[in-house]
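Peer 1: have a look at this fold, sequence not included:
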Ligand code: LHQ
């Protein structure tokens, strides 16, 4: 069974974590599958949006804790797994100038929760939940959790979620601003497909630079951000999609964006 299922249809690269019996926990094969999908997403202009979800009842339970024999092992270097797999993955997702939608279909724990938060637009089924499980096994949040959580939820909520490891329901995640939307379970696939298809038919360059501008703003002053907006606007203003957008508006029709 392929640990990550990948398919491209109408501009959307669908990526499904596929180890349902382990709640899609990360192991090297999952990481390899994700790295390969990212390589495609970076290289292929036909890919205009990514949609990530999980097979079965869970989204992702984080690192596969059965992969190592913890009793037999001496002191372990957990940093090397982050350096090899998780950190490059999060950096590539963040830098990809294309939207990444995440449909959290069930529990997202540990690195699985933070992998979801590293996506650009996160939807979750009402029955899904997010658990900063790290503290329960004597670790600290990784996979970008200490970066994303305080920015999304604020310092108090981030601190309490990380220190208690308490389960955050999808409804509270929406209320806290940790995710975009919580939807009924039966609507998750429909709603995430709808958003992904619309993004894949959108002005890809503009979407990519919106992502860049919004993420960059977190570390910029207003002056720096205004300069950046000027530069990005200059760039998209030269694109075919801008021309098409304005022409379609004036002709009172829907624009047909090509992603250029
Ligand atoms: C699992 C896992 C799992 C293997 C469920 N592994 N089998 C860490 C270390 C090193 C380097 C880098 O980074 C990291 C980052 C991390 O991600 S640390 C955090 C790792 N994840 C966790 O601590 C979460 C562990 N899982 C759970 O707490 C629960 O399974 C949750 C709350 C996710 C779901 O609970 P339930 O819905 O009650 O399901 P379950 O516990 O019965 O799990 C179903 C099966 O999945 C079960 O297998 P079994 O054969 O008994 O049916 C679990 O053993 C397996 N599974 N998580 N991480």
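Peer 2: Yes, it's here. Just so it is clear, the model here is predicted, and its values are computed rather than measured.
Peer 1: which positions in the stretch 1-150 of the chain make contact with the ligand?
Peer 2: Neighbours of the ligand within the stretch 1-150 of the chain, by CB under 6 Å from any ligand atom: 22-23, 25, 61-66, 78, 81-82, 107, 109-111, 131, 133-134, 137, 139, 142. C-beta here means a position set from N, CA and C on the backbone, and glycine is covered the same way.
Peer 1: would you map the helices across the stretch 1-150 of the chain?
Peer 2: For the stretch 1-150 of the chain, the helices defined by DSSP state H, counting those that start in this stretch occupy 28-43, 78-81, 87-95, 111-117, 145-153.
Peer 1: ranking those by burial, who's on top?
Peer 2: Ranked by mean neighbour count, the helices of the stretch 1-150 of the chain are led by helix 111-117 with a mean of 27 (mean count of other CB atoms under 10 Å).
Peer 1: so for it, mean pLDDT?
Peer 2: Across helix 111-117, the average pLDDT comes to 98.
Peer 1: could you find the closest non-adjacent residue to the residue most central in space within the chain?
Peer 2: Residue closest to the average C-alpha location in the chain (CA atoms, centre = their mean): residue 119, at 1.6 Å. When the adjacent residues along the chain are set aside, residue 119 lies closest to residue 102, with 3.6 Å between them (CB to CB, 6 or more residues apart in numbering).
Peer 1: cool, residue 169 as well?
Peer 2: residue 129 is the one closest to residue 169 (CB to CB, 6+ apart), at 5.4 Å.
Peer 1: next, count neighbours for that neighbour.
Peer 2: Neighbours of residue 129 under the rule other CB atoms under 10 Å: 22.
Peer 1: quick check: phi and psi on residue 183?
Peer 2: The phi/psi pair for residue 183 (degrees, to the nearest 10) reads phi -130, psi 160.
Peer 1: adjust the sequence numbering to begin at 53 for everything that follows.
Peer 2: Okay, residue one is now 53; in that scheme the one you just asked about reads as residue 235.
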